[in-house]
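>>> the sequence and its predicted three-dimensional model are supplied below.
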2 protein chains.
Amino acid sequence: MQKKIPTKETFEFFKKHDHDVCFGDAMMEIEKHCHKKNLQFTPLRRRVFEYLLRDHKPLGAYEILDLLREDGLASTPPIAYRVLDFLMKEGFVHKIQGLNAFVACSHPGSSHSPAFMICRKCEKVAELDEKISGINLGKSIPSDFSVEETVVEMRGICTSCMALS
Amino acid sequence: MQKKIPTKETFEFFKKHDHDVCFGDAMMEIEKHCHKKNLQFTPLRRRVFEYLLRDHKPLGAYEILDLLREDGLASTPPIAYRVLDFLMKEGFVHKIQGLNAFVACSHPGSSHSPAFMICRKCEKVAELDEKISGINLGKSIPSDFSVEETVVEMRGICTSCMALS
DNA sequence: CTATTGATGTTATAATATAACATTGAGATA
DNA sequence: TATCTCAATGTTATATTATAACATCAATAG
């Protein structure tokens, strides 16, 4: 059992937030999830998830491999892709299609069609869930198509980076 | 000058539509556009655009290169990517991020944040404009991010393919 | 005519991702 | 204990997607 942690608002990621809480929260969630589903949250999986949680910047598979190599771990492509597949399948990591990169999920558990805001300057990413974004694609589409999965990505610039220019 | 062609509804692409009209319409548009902007709609660019217009299936860059090779034309990667860049820049082709593939735009001219419905079975793609989709991301996002570009893709199954199962 | 420019052509390589198979280690079971 | 099984990890090779850098060519502006 862990202490209750205040809900964070996703779109605050571009501002300051308590990242230690954020990090610990996510770790706790994935541990709980894996325990419940009898899945192995192995050192390798933990390590990769840590890289992704460090800040809200997406990492490419080969960046992850570089980090693994620095840490003296195995670092051939399948290693990274397999771990990422696992983390994505369990809903703790998303792929950012527009960047060929991977980012830790900010709302694990909440059933989602995530939407991402990607800052083109700092490259950080914020994830919006449907309630915040007001986006719900499934409901807005024509009747001759049945949606199974959605990708929503917005490129732009975040307030912090805007302030710097 | 050309005869006025009836507006097509984008989401009818998964059903039957008059593809000759559709094709001719698009060709006319791009010719007009290039003439107006004093851009060269060269044989190579025309050929690639034709491949993309043939049906509403997205083509990968290397598929386009195969078609060029079959047609006895130059077919090294930069050829395809350059033409695709041109067609995308002018708004007549979009990239489908989830497929690493390219598709002819269905609403050239209409200022858009396109949304795509991609059938996982027949692999055809329909493009929705904001009015039809009811999607308008720019308006729904938090105030600490300024959207410059959006990617919206829906994977699923179209009526035609649904009917076959 | 020659200089510039945009388009195309060519060679090489970078970046991203997967297939196929080998090894290991931690339970389950005989 | 022995060994079976299975998921995870490790390894080798290769497929797929994309770009960098530079060469050529043809139209046209000066």
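Cool, got the structure. Numbers count the residues shown, from 1 in each chain, chains lettered A, B, ... in the order given.
>>> worst-scoring helix or strand of chain A, pLDDT-wise?
helix A:137-140 (a mean of 56; mean pLDDT, DSSP states H and E).
>>> ok, and does the longest strand along chain A reach over to DNA strand D?
In chain A, taking DSSP state E as the definition, the longest strand is strand A:145-158. No. Against DNA strand D, strand A:145-158 shows no contacts by CB under 7 Å from any atom of the strand, the least distance being 14.4 Å. Where you see a C-beta, it was placed from the backbone N, CA and C, and this is true even at glycine.
>>> for the helix or strand following that strand, which outside residues touch it?
Using DSSP states H and E, the next helix or strand after strand A:145-158 towards the C-terminus is helix A:159-163. For helix A:159-163, contacts defined as CB atoms under 8 Å, 6 or more residues apart in numbering or on different chains pick out A:Phe14, A:Lys15, A:Cys119, A:Lys121, A:Cys122, B:Asp144, B:Phe145, B:Ser146.
>>> now which of these would you call buried?
Neighbour-count burial (16 or more other CB atoms under 10 Å in any protein chain shown) applied to the contacts of helix A:159-163 gives A:Phe14, A:Cys119, A:Cys122, B:Asp144, B:Phe145, B:Ser146.
>>> wait, doesn't the last one sit right on A:Gly156?
In this case it means B:Ser146. Yes. The pair B:Ser146 / A:Gly156 is scored as a contact, 4.9 Å apart, by CB atoms under 8 Å.
>>> which residue is the nearest non-sequential neighbour of the residue nearest to the spatial centre of chain A?
Nearest to the geometric centre of chain A sits A:Ala104, at 2.3 Å (CA atoms, centre = their mean). Nearest residue to A:Ala104, sequence neighbours excluded (CB to CB, 6 or more residues apart in numbering or on different chains): A:Leu52, at 4.1 Å.
>>> okay, now that neighbour: neighbour count?
24 (other CB atoms under 10 Å in any protein chain shown).
>>> dump the C-alpha coordinates for stretch A:107-119 into CSV.
The C-alpha trace of stretch A:107-119 is given here as CSV (Å, rounded to 0.1, in the frame of the first residue of the first chain):
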residue,chain,number,x,y,z
HIS,A,107,-2.8,7.8,-17.6
PRO,A,108,-2.2,4.2,-17.2
GLY,A,109,-5.4,2.4,-16.3
SER,A,110,-7.7,5.1,-17.7
SER,A,111,-9.2,3.5,-20.8
HIS,A,112,-7.9,5.7,-23.5
SER,A,113,-7.6,7.0,-26.9
PRO,A,114,-4.8,9.2,-26.0
ALA,A,115,-4.0,12.5,-27.7
PHE,A,116,-0.5,13.9,-27.6
MET,A,117,0.8,17.4,-27.7
ILE,A,118,4.4,17.4,-28.9
CYS,A,119,6.5,20.5,-28.5
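>>> where does chain A come near DNA strand C, residue by residue?
Looking at DNA strand C, the residues of chain A close enough under CB under 7 Å from any atom of the strand are A:Gly60, A:Ala61, A:Tyr62, A:Thr76, A:Pro77, A:Pro78, A:Tyr81, A:Lys95, A:Asn100.
>>> among those residues, which pair sits farthest apart?
Based on CB to CB, the longest span within the residues of chain A next to DNA strand C runs between A:Thr76 and A:Lys95 and measures 19.7 Å.
>>> out of those two, which sits in the busier spot?
A:Lys95 (17 against 10).
>>> in which helix or strand would I find that one?
Going by DSSP H and E, A:Lys95 is in strand A:93-96.
>>> can you pull out the helices in chain A?
Taking DSSP state H as the test, the helices found in chain A are A:19-36, A:43-53, A:61-70, A:77-89, A:130-133, A:137-140, A:159-163.
>>> tell me which other helices or strands the first one touches.
Here helix A:19-36 touches helix A:43-53, going by 3 or more CB pairs under 8 Å, 6 or more residues apart in numbering or on different chains; DSSP states H and E.
>>> report whether the helix it packs on contacts DNA strand D.
Yes. Helix A:43-53 lies within reach of DNA strand D by CB under 7 Å from any atom of the strand, at A:Pro43, A:Leu44, A:Arg45.
>>> now do the contacts for A:Val48.
Contacts of A:Val48 by CB under 8 Å, 6+ apart are A:Ile64, A:Leu68, A:Ala80, A:Val83, A:Leu84, A:Leu87.
>>> A:Arg54 now?
Contacts of A:Arg54 (CB under 8 Å, 6+ apart): A:Phe23.
>>> next, count neighbours for A:Ile118.
What A:Ile118 shows, counting by other CB under 10 Å, is a neighbour count of 26.
>>> residues in a beta bridge with it, which ones?
A:Val125, A:Arg155 (DSSP bridges).
>>> quick check: the gap between it and DNA strand C.
Look at A:Ile118 and DNA strand C: by CB to the nearest atom of the strand, to the nearest Å, they are 14 Å apart.
>>> residues of stretch A:80-95 that come out buried?
A:Ala80, A:Val83, A:Leu84, A:Phe86, A:Leu87, A:Glu90, A:Gly91, A:Phe92, A:Val93, A:His94, A:Lys95.
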